[in-house]
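[1] Here is the input, now give the coordinates:
(one chain, ligands or ions: 1)
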Amino acid sequence: MKTTRLIGASTFAVAALVLSACGGGSSAGTTSSDTGTAGASSSAATGGKNITLMVGVKGDPFYVSMECGAKEAAAAAGATLTTQGPDKFDATLQNPLLDAVAASKPDALLVAPNDVKASVGPLKKIQDAGSKVVLVDTVVDDASIGVSRIATDNKLGGVKAAEALQTLGVAAKGKVLVISTNPGVSSVDARVDGFKEKAAELGYTLVSDTQYSNNEAAKAAQIMSAALAKDPDIAGVFATNLFTAQGVATGVKQAGQSGKVKVVGFDAGPDQIKQLEAGDVQALVAQKPFDIGVQGVEQAIAALSGGSVTANIQTESLVVTKDNMAQPDVAKYIYKSSC
Ligand code: T6T
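    Next comes the predicted model:
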């Protein structure tokens, strides 16, 4: 039977095996008694399976880290992993790649769909042709797609971002702004929802509707500069993903407001960590993409080997600041630019 579960410090036997082999980097290293998934699979039972990982966008350290986890889990299970992704986070670029995947008929597809609606058609085709589809990071509106869905609890991540602004001293009535990527991306939309709910509770004033960077750092910087020109008393900003957050920090810096305007970004790429260190960003909500990759492969293997599959898995996030970033239990979640 399909179930929902929240992944915290515990996860499965395969993850423990992978992580003990690679020296950590994920909370997935802790074993748990919850062995209803691919923990029971062995490379003897699952060897030779072809798994494709379709990331949301190529070269993004979030997806690179996810690929690192997926690669290690695939190797542990004796499966072959091939990774692909569009040059931009854009369904019109990802969909043709998905159509090519359909033609290659992998045993399983791990995919971060670029759009809740536009990605449904190609994924349905792949699923109907018999490949096991596992959604990683982002989802689609059609609930029939995917034997399993594994993502950060993004709404909670947005709540944490608002709480971080409060911790940083943004008081009730403080003016705040949200800058996201594109509407229709499930992950960032949920972060915005969580942030807005908590911001309302904290009495913050949103200076405008959510603005969109199109996942381009330069555009995020421009939006930020324009917003500060219009409302010089903005006290805090939430930027919902890696490239948006990098651009927002640049915009605040160019306006000479670093430190005065509190910037909370999502993700923890290497360049974001540099911005944190430099004081251009005050807090980052880091995800655990390595874990998502490990668990994506585990679920795919479970589905292929007749094991028990978990329909929804939510992974954790953590708030990274200049003060805690060097702690080993935090530093291990900084994203990688290569495996
Ligand atoms: O924040 C991640 C990912 O979770 C989101 O779906 C898209 O943007 C990132 O890849 C960061 O760039």
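[2] list the contacts for residue 91?
    Contact analysis of residue 91 by Cβ atoms under 8 Å, 6 or more residues apart in numbering lists 113-115, 118-119. In this view, the C-beta of every residue, glycine as well, is placed from N, C-alpha and C.
[3] repeat for residue 124
    Listed by Cβ under 8 Å, 6+ apart, the contact set of residue 124 reads 142, 144-145.
[4] And the residues you listed, which is closest to the ligand?
    The closest of the contacts of residue 124 to the ligand turns out to be residue 145 (Cβ to the nearest ligand atom; 16.4 Å).
[5] So that closest one sits against residue 121, correct?
    No: at 10.1 Å, residue 145 does not count as touching residue 121 under the criterion of Cβ atoms under 8 Å.
[6] Who has more neighbours out of those two?
    The neighbour count for residue 145 versus residue 121, taken as other Cβ atoms under 10 Å, is higher for residue 145 (19 against 14).
[7] Next, find the distance separating the more buried one from residue 95.
    14 Å (Cβ to Cβ, to the nearest Å).
[8] thinking again about what came up before, now the buried members of the contacts of residue 91.
    113-115, 118-119 (16 or more other Cβ atoms under 10 Å).
[9] biggest separation within those residues, which pair?
    Pairwise distances across these peak at 8.3 Å for 113 and 118 (criterion: Cβ to Cβ).
[10] so how far is the ligand from residue 63?
    Plainly put, residue 63 is 6 Å away from the ligand if you go by Cβ to the nearest ligand atom, to the nearest Å.
[11] name the element that residue belongs to?
    helix 61-77 (DSSP states H and E).
[12] Report the mean confidence score over that helix.
    Across helix 61-77, pLDDT averages out at 98.
[13] Restrict that helix to CA atoms and write it as CSV.
    What follows is helix 61-77, C-alpha atoms only, in CSV (Å, rounded to 0.1, in the frame of the first residue of the first chain):
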residue,chain,number,x,y,z
PRO,A,61,24.6,22.7,-7.9
PHE,A,62,21.3,21.6,-6.4
TYR,A,63,20.8,19.1,-9.2
VAL,A,64,24.5,18.2,-9.3
SER,A,65,24.3,17.2,-5.6
MET,A,66,21.1,15.2,-6.4
GLU,A,67,22.9,13.5,-9.2
CYS,A,68,25.8,12.6,-6.8
GLY,A,69,23.4,10.9,-4.5
ALA,A,70,21.6,9.1,-7.3
LYS,A,71,24.9,7.9,-8.9
GLU,A,72,26.1,6.4,-5.6
ALA,A,73,22.7,4.7,-4.9
ALA,A,74,22.6,3.4,-8.5
ALA,A,75,26.1,2.0,-8.2
ALA,A,76,25.2,0.3,-4.9
ALA,A,77,22.2,-1.3,-6.5
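[14] can you list the residues of the stretch 201-339 of the chain near the ligand?
    With Cβ under 6 Å from any ligand atom as the criterion, the stretch 201-339 of the chain meets the ligand at residues 241-243, 266-267, 287.
[15] Keep only those of those that are in helices.
    242-243 (DSSP state H).
[16] could I get the residues of the stretch 201-339 of the chain next to the ligand as a markdown table with pLDDT?
    Putting those into a markdown table (pLDDT from 0 to 100) gives the following:
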| residue | pLDDT |
| --- | --- |
| 241 | 98 |
| 242 | 98 |
| 243 | 98 |
| 266 | 98 |
| 267 | 98 |
| 287 | 98 |
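[17] Which two of the residues of the stretch 201-339 of the chain next to the ligand have the greatest separation?
    Maximum pairwise distance in these, criterion Cβ to Cβ, is 14.4 Å, between 243 and 287.
[18] between the two, who's got more neighbours?
    Comparing residue 243 with residue 287 by other Cβ under 10 Å, the one with more neighbours is residue 287, at 29 against 26.
[19] Name the residues of the helix or strand just after the helix holding residue 63 that come out as buried.
    Downstream of helix 61-77, the next assigned helix or strand under DSSP H and E is strand 80-84. For strand 80-84, a neighbour-count test (16+ other Cβ under 10 Å) marks 81, 83 as buried.
[20] So which other helices or strands are in contact with strand 80-84?
    strand 50-54, helix 61-77 (3 or more Cβ pairs under 8 Å, 6 or more residues apart in numbering; DSSP states H and E).
[21] between the contacts of residue 91, which is nearest residue 192?
    The closest of these, once distances to residue 192 are taken by Cβ to Cβ, is residue 115, at 15.7 Å.
[22] With that, I have no additional questions.
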